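1. just a sequence and a predicted model for now, questions to come.
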Amino acid sequence: MKKLSIIILALFAFNCSNQKVDTKKALQDMKSQEIQVVSDAQIIEKAKQMGDSISVKLKVNLEAEKVIWAATESGDIETKGLPFNEENNLEGKGRAIYEAYLYNSENDIKSPANVQFLEDTHFVLYTSAMVVEGKEVGMWFIKIPRKTIVLNVAQ
């Protein structure tokens, strides 16, 4: 029994070190691991905020009737500029929303920003009008992973 106690004490002594632990970072890591319940309304609201902040950074201009756009890097967030005078490969809800923006543009109706869940529930779609010189020339298509939104709701 004495030998076992000595071995345990020896192992404990060798495992202890002078290395300091960053308790603040450890606490943040533990909080990020906690299970959080986030409602669909919170997800939609946060996606709208994130989409608004991303779309403000997107640049668009017209060159010889061609829409030129530049995206900013957003990690795992997919950003596309979809001009009305070019073909695209959208399907499902994305296609329906694009056609609604196109219809509104053709009929001089201002299109507000839109947020909704895609058929694939792992993503939320944020769309807004691409405006150049007061005229809607396309649609911003910003596909945000649900996981990214949930992690940002907690912050």
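-> Structure's in. What do you need? Everything numeric in this text was worked out from a predicted model, so none of it was measured. Numbers count the residues shown, from 1 in each chain.
2. run the chain-centre distance for the helix or strand containing Ile54.
-> Ile54 belongs to helix 40-57 when assigned by DSSP states H and E. On the basis of C-alpha atoms, centre = their mean, to the nearest Å, helix 40-57 sits 8 Å off its chain's mean C-alpha point.
3. give me the contacts around it.
-> Residues outside helix 40-57 that contact it (C-beta atoms under 8 Å, 6 or more residues apart in numbering): 72, 74, 77, 79, 113, 115-117, 124, 126, 128, 140, 142, 144, 146, 148-150, 152-153. From N, CA and C alone the C-beta is placed, and that goes for glycine too.
4. one more pass at 6 Å, please.
-> Here helix 40-57 makes contact (C-beta atoms under 6 Å, 6 or more residues apart in numbering) with Thr72, Ser74, Val115, Val124, Tyr126, Ser128, Trp140, Ile142, Ile144, Ile149, Asn152, Val153.
5. which element follows that helix toward the C-terminus?
-> strand 59-63.
6. keeping just the C-alphas, turn that following strand into PDB.
-> Provided in PDB are the C-alpha atoms of strand 59-63 (Å, rounded to 0.1, in the frame of the first residue of the first chain):
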ATOM      1  CA  LYS A  59     -19.000  47.500 -54.000                       C
ATOM      2  CA  VAL A  60     -20.700  47.700 -57.300                       C
ATOM      3  CA  ASN A  61     -20.500  49.900 -60.400                       C
ATOM      4  CA  LEU A  62     -21.500  50.000 -64.000                       C
ATOM      5  CA  GLU A  63     -19.000  49.900 -66.900                       C
END
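7. name the residues that touch that strand?
-> Under C-beta under 6 Å, 6+ apart, the answer for strand 59-63 is Ile68, Trp69, Ala70, Met130, Val132.
8. PyMOL command for the buried members of these?
-> Those of the contacts of strand 59-63 that count as buried under 16 or more other C-beta atoms under 10 Å are selected in PyMOL with:
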select buried, resi 69+130
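9. please identify which pair of the contacts of strand 59-63 lies farthest apart.
-> Ala70 and Val132 (12.9 Å; C-beta to C-beta).
10. just checking, Gly75 is part of a strand?
-> No. Counting by DSSP: H, G, I helix; E, B strand; the rest coil, Gly75 is not found in a strand; it is coil.
11. could you find the closest non-adjacent residue to it?
-> Thr148 (7.5 Å; C-beta to C-beta, 6 or more residues apart in numbering).
12. fine by me, we can end here.
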